[in-house]
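> turn this into a model:
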Amino acid sequence: MGSLVLEGGRILTLNVGDLPRRGHAMRELGIIEQGSVHCVDGEIVAVSDGSIDVSGPHERVDVQGRIIMPAFVDCHTHACWAGDRFDEFEMALAGTAYLDILKAGGGIMSTVRAVRDASEDDLVALLGWRLRKMMNLGTGTVEVKSGYGLTTADELKMLRAVHRAQGQSPLSLTGTFLGAHAIDRDDDNFIERTIKETLPAVAEEFPGITCDAYCEEGSWSFNDTRRLFESAMALGCSIRIHTDQFNSMGMTGWSVDAGALSVDHLEAVTEKDLAKLAASDTIGVALPASGFQLDDRYAPGRALIDQDGILAIASNYNPGSAPSPSVPFTIALACRKMHLTPAEAITASTVNAACVLRRESHVGRIAAGMRADLQVLDILDERELAYEFATAGPALVVLNGRIVQSRLVDPTDDAEAE
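Numbers count the residues shown, from 1 in each chain. Alright, predicted model coming up:
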């Protein structure tokens, strides 16, 4: 991998304060006004407020005052799928409600059928294609959920595909078991089989994997979700939950009491449960692209931060409710629709998102000893990351110490500009 120096940039280290960052401390970015970062063999070895002298062969890139920041950590995605939902998109445009599409056998179940028909090789290839799109937009670490298989064999197929894709991609991947993503109405014993067969099989093949569930009307009930999570924790799994997306089912408060890593969605969270979340160490994960795609409803991110809570944001990349691989777009939405400051949104999509995945010792910050996952934004002020939207992405992406995408040009070079 060799030696790489990025110099002459405004560095957002995010290496300041306690982890995870909560409340108004999320506005502190650990900025070095003009500095350099030295990476060797995939690891950051030095961060300086000036130039860095390096002996021996190395590559040196002058970023000319641009922003250097950690690569994004996308802590909630469903990026492993097959098929498409273009017909359902047109139904939604014609006014059909999302839950009505689900009841008609569409939504998640249409993707389930496509994933069951796909081979593991197919899923690896499709996931790899989407990961490249995410990488080009500045993402370095991605959580990928199962949940489009809903049988033991197909859930394992999805998780094996995620594991294989990790070996073929410069991104860092984390798989999550979401066998409780929906109810398979064709299987009268689905809930019992998921709890007693699929979960143990997944936990045996992927020890310590995080278990997730979608608790919502028409999907997993409060009581069945609780039973699943109690079994998962007994098997050594941590838990996360899709909760309060359309209706408050009581699972947010229970999950906080159970020590869940995160509670995700929260568009319909009650004031009582929000206060309980803010007082806990569980991280709220907001997914504003879903509100943009579905119904213009958004999690109360501003209120969670103002109550000294911990917030992360993620793309929720999936074929139905959030068909976008873009964390920069997620940041733009979080500021406009959830009223975060640009600095809070940057923290929520880097170091706090890393804490959701328990990867904060490896990614999400710029500090010696961290994995060298960096991006150089084609801007001079980090607030522009939230101010602009639908941009081309970063000028330079470095993953594991290697430049994997570059469109870095001298802004004063008229020939290049033409």
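
> contacts and neighbour counts: CA atoms only from here.
Will do.

> okay, and the helix or strand of the chain with the least pLDDT?
Taking mean pLDDT, DSSP states H and E as the measure, the helix or strand of the chain with the lowest value is helix 414-417, at a mean of 48.

> buried ones in stretch 334-349?
Across stretch 334-349, burial judged by 16 or more other CA atoms under 10 Å covers 334-335, 337-349.

> err, stretch 124-138, not the other one
Taking 16+ other CA under 10 Å as the criterion, stretch 124-138 shows 124-128, 130-132, 134-138 as buried.

> quick check: N352 is in a helix.
Yes - counting by DSSP: H, G, I helix; E, B strand; the rest coil, one finds N352 located in a helix.

> residues touching it, list them.
19-21, 310-312, 360, 364 (CA atoms under 8 Å, 6 or more residues apart in numbering).

> quick one on the thing from earlier: including distance to I11, secondary structure and pLDDT, could the buried residues of stretch 124-138 go into CSV?
Converted to CSV, the buried residues of stretch 124-138 look like this (distance: CA to CA, whole Å; DSSP: H, G, I helix; E, B strand; the rest coil; pLDDT from 0 to 100):
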residue, distance to I11, secondary structure, pLDDT
V124, 35, helix, 98
A125, 35, helix, 98
L126, 34, helix, 98
L127, 31, helix, 98
G128, 30, helix, 98
R130, 28, helix, 98
L131, 25, helix, 98
R132, 25, helix, 98
M134, 22, helix, 98
M135, 20, helix, 98
N136, 20, helix, 97
L137, 18, coil, 98
G138, 15, coil, 98
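
> residue ranges of the helices in the stretch 251-400 of the chain, please?
251-257, 271-278, 288-293, 301-306, 327-337, 342-348, 351-356, 383-387 (DSSP state H, counting those that start in this stretch).

> other SSEs contacting the fourth one?
Contacts defined by 3 or more CA pairs under 8 Å, 6 or more residues apart in numbering; DSSP states H and E place helix 301-306 against helix 271-278, strand 311-313.

> could you say which of these is packed most deeply?
Stretch with highest mean neighbour count among these: strand 311-313 (a mean of 32; mean count of other CA atoms under 10 Å).

> each with direction, which strands does that one pair with?
strand 283-286 (parallel) (DSSP bridges).

> show residues contacting the strand it pairs with.
By CA under 8 Å, 6+ apart, strand 283-286 touches 261-266, 277, 298-299, 301, 309-314, 356.

> how about 7 Å then?
By CA atoms under 7 Å, 6 or more residues apart in numbering, the residues outside strand 283-286 that reach it are 261-266, 299, 310-314, 356.

> also stretch 365-373?
13-15, 39, 42-47, 70-71, 140, 351, 361-363, 398-401.

> and for stretch 169-178?
Under CA under 7 Å, 6+ apart, the answer for stretch 169-178 is 140-147, 159, 162, 166, 209-213, 399-400.

> same thing with stretch 296-316?
Taking CA under 7 Å, 6+ apart as the rule, stretch 296-316 contacts 21-24, 74-78, 265-267, 274, 277-279, 283-289, 291, 322, 324-327, 330, 337-340, 348-349, 352-353.

> what residues are up against the nearest residue to A312 once chain neighbours are set aside?
Closest residue to A312 apart from its sequence neighbours, by CA to CA, 6 or more residues apart in numbering: A348 at 4.0 Å. Neighbour list for A348: 311-313 [criterion: CA under 7 Å, 6+ apart].

> and of those residues, the nearest to I108?
Nearest to I108 among the contacts of A348, counting by CA to CA, is I313 at 22.0 Å.
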